[in-house]
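Asks: based on what follows, work out the 3D shape:
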Amino acid sequence: MRTTNENQRTDIYSRITDRIIEDLASGVRPWMKPWNAGNTDGRITRPLRHNGQPYSGMNVLLLWSEQMSRDFASSMWMTFKQALELGAAVRKGETGSTVVFASRITKSQAGEKGGEVDREIPFLKTYSVFNVEQIDGLPEHYYRRPEPVEDPIARIENAERFFRNTGAIIRHGGSQAYYSPVMDYIQMPPFETFKDAASYYATLSHEATHWTAPESRVGRDLSRYAKDRSERAREELIAELGSCFLCADLGIVPELEPRPDHASYLQSWLKVLAGDKRAIFQAAAHAQRAAAFLHDLQPDREDARHAA
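Replies: Predicted coordinates:
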């Protein structure tokens, strides 16, 4: 049974990773699809469950990709059963979109010295969800058009307040943006050197994701970042995904074109993902933890979670 479960998990990892590799090989960063699809004038959000709760981690990437490829305007999804419980029905012939659920179960097993010991066994399963545009008979509020775009000035003020509330040391000067793990500060070029305010905060969201790495925050090991190309690629993938999550939460557009110092990561990501089918799942999970940590630093954490 254990071998069967492991094979199922491996197949899930492979199928999803292969889809992402295909996009990357053609020069497309799949997590950028929502903004690249001409939606920069609209309100990009994380995909939402039927109850309005946002999806997280890998499921954000999966459902963003599905929403764009199938031209759904709505960001809300639900299972076949949830639609029935709401008195609605998925239209005949509609196909669902895959999301994943990862967790652990505790089982008692025979120990080496006799007796039983509890072991945590990871499991990963997939299930299908449907966009509300594939469902008939839902209450009217499920079909409402996306809310009008928030005033750009208000969005920028919100982003400024968000990063100030993290307490991160943010220095300005020079021409490079980076996080220094040794000195524990974020370095940003002067605000006026960016093409617009959104670009500044999008870049800052990337560096703020790096800033979460120390053990006192979320605990990602950056000790091999400067020496190991693979480890550097993995951390940069985490930062890029974290930036996308934060940008969606804050209502700003991420860095659609890779920064000159990041352009080379595409081939590194391809190599990492081809060699490790779990890498994108791990990166998305790390990015989710980083974004959640930054939200939890906001004075009103409950409101921040609802905005996520």
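
Asks: what comes into contact with stretch 20-27?
Replies: 29, 30, 61, 266, 269, 270, 273, 274, 280 (CB atoms under 8 Å, 6 or more residues apart in numbering). (Glycine included, C-beta is placed from N, CA and C.)

Asks: model confidence for the first one, exactly?
Replies: Okay, so that is residue 29. pLDDT recorded at residue 29 is 91.

Asks: residues contacting it?
Replies: 23, 240, 258, 266.

Asks: burial of residue 151, as a residue count?
Replies: 10 (other CB atoms under 10 Å).

Asks: going forward can the numbers begin at 11, since that is how I track them
Replies: Fine by me, first position is 11 from now on; the one you just mentioned is residue 161.

Asks: measure it to residue 167 for me?
Replies: Distance of residue 161 to residue 167, computed by CB to CB, to the nearest Å: 9 Å.

Asks: cool, residue 126 as well?
Replies: 58 Å.

Asks: hmm, back to that, give me the buried entries from the contacts of residue 39.
Replies: 250, 276 (16 or more other CB atoms under 10 Å).

Asks: can I get the contacts of residue 39 in CSV with secondary structure, distance to residue 81 and pLDDT?
Replies: Below are the contacts of residue 39 laid out as CSV (DSSP: H, G, I helix; E, B strand; the rest coil; distance: CB to CB, whole Å; pLDDT from 0 to 100):
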residue, secondary structure, distance to residue 81, pLDDT
33, helix, 17, 92
250, helix, 25, 95
268, coil, 26, 79
276, helix, 26, 89
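
Asks: name the nearest of the contacts of residue 39 relative to residue 139.
Replies: The shortest gap between residue 139 and any of these belongs to residue 33, at 20.8 Å (CB to CB).

Asks: what residues are up against residue 267?
Replies: Applying CB under 8 Å, 6+ apart, no residues contact residue 267.

Asks: actually, residue 234.
Replies: residue 241.

Asks: ok, now with 10 Å
Replies: 240, 241, 242, 244, 245 (CB atoms under 10 Å, 6 or more residues apart in numbering).

Asks: my read: the last one touches residue 217, true?
Replies: No. Counting by CB atoms under 10 Å, residue 245 stays clear of residue 217, with 11.9 Å between them.

Asks: need the residues touching each of the two.
Replies: In contact with both residue 245 and residue 217: residue 189, using CB under 10 Å, 6+ apart.

Asks: cool, thanks, talk later.
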